[in-house]
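Enquirer: Sharing a sequence plus its predicted fold:
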Amino acid sequence: MALSKDRKNEVVTEAAQMLADSKLVVLAKYHGTSVKSLQDLRKTASESNSTVRIMKNRLVKKAMEQDDRLKDIDTAFLTGQLMYAASPSDELAPARIIADFAKNEPQVELVAGITADGSILGIDDVKALADLPTKDQLRGQLAGLIASPLSGLASVLSRNVRGVLNVLSARAEQN
């Protein structure tokens, strides 16, 4: 179904807003993916404060032309059926969401990423971002690093106390 001129203007505005507000926008080809799978992807994305949209590339190009950071970018990579994943709060969430989705849906191919400063990331860069640990995982690793020497110190001190108690106990049994 063709979009009306008003609806096209709304989509351009939404795309411009998404590009302006997002820390990272990941583009992926989705040809051959079922509607149910795409609905599940959107649900998964919304749980991590991200959005997945399917928009006409021509309208996204118009939105990019409105943004000073993006108007000089070569848009040759905007071809085929593309979905756009974005997050205003997490730099890694869109890359991780699409990469995880692509593991179960082999027809999904990463195309590029657009950063908040207007840089274009290649496929390898987007995959590298998707492989980085989450903030919660990093916090857990940091807590483990901090706790490790403390637990080692507690273990050493308890062995020394046990040793002293064993010596005193043996001495008491001798008398």
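Expert: Great, that's in hand. On a predicted model such as this, the values are computed, not experimentally measured, just so you know.

Enquirer: care to break this protein down by domain?
Expert: Structural domains annotated on the chain: 5-132, 134-175, as defined by automatic domain parsing.

Enquirer: Highest mean neighbour count out of those domains?
Expert: Per-stretch averages of neighbours, counted by mean count of other CB atoms under 10 Å, single out domain 5-132 among those, with a mean of 17. No exception for glycine: its C-beta is placed from N, CA and C like everyone else's.

Enquirer: So for the residue nearest in space to the middle of the chain, what pLDDT did the model give?
Expert: Central residue of the chain (CA atoms, centre = their mean): Ala93, 2.0 Å from the mean position. At Ala93, the model reports a pLDDT of 88.

Enquirer: The spatially closest residue to it that is not a sequence neighbour: what's it in contact with?
Expert: Spatial nearest neighbour of Ala93, excluding adjacent residues (CB to CB, 6 or more residues apart in numbering): Ser87 at 4.3 Å. Counting by CB atoms under 8 Å, 6 or more residues apart in numbering, Ser87 touches 22-24, 48-51, 93-94.

Enquirer: Could you do Ser4 as well?
Expert: Taking CB under 8 Å, 6+ apart, one finds nothing in contact with Ser4.

Enquirer: if you set the cut-off to 10 Å instead, what comes out?
Expert: Glu10 (CB atoms under 10 Å, 6 or more residues apart in numbering).

Enquirer: and the longest helix seen in the chain, average pLDDT?
Expert: For the chain, the helix with the greatest residue count under DSSP state H is helix 135-174. Averaging pLDDT along helix 135-174 gives 76.

Enquirer: next one: stretch 7-16
Expert: The average pLDDT within stretch 7-16 is 87.

Enquirer: now what about that stretch, what contacts it?
Expert: 2-4, 25, 51, 53, 55-56, 58-67, 70, 84, 86.

Enquirer: Tell me where this structure has helices.
Expert: Along the chain, counting by DSSP H, helices occupy 5-21, 35-47, 57-66, 93-104, 123-131, 135-174.

Enquirer: and Thr79, which of these is closest to it?
Expert: Nearest of the helices of the chain to Thr79, taken as CB to CB: helix 57-66 at 6.8 Å.

Enquirer: for that closest one, packing partners?
Expert: helix 5-21, strand 24-29, strand 82-87 (3 or more CB pairs under 10 Å, 6 or more residues apart in numbering; DSSP states H and E).

Enquirer: Just checking the distance from the longest one to the centre of its chain.
Expert: Mean C-alpha position of helix 5-21 versus that of the full chain (CA atoms, centre = their mean, to the nearest Å) differs by 23 Å.
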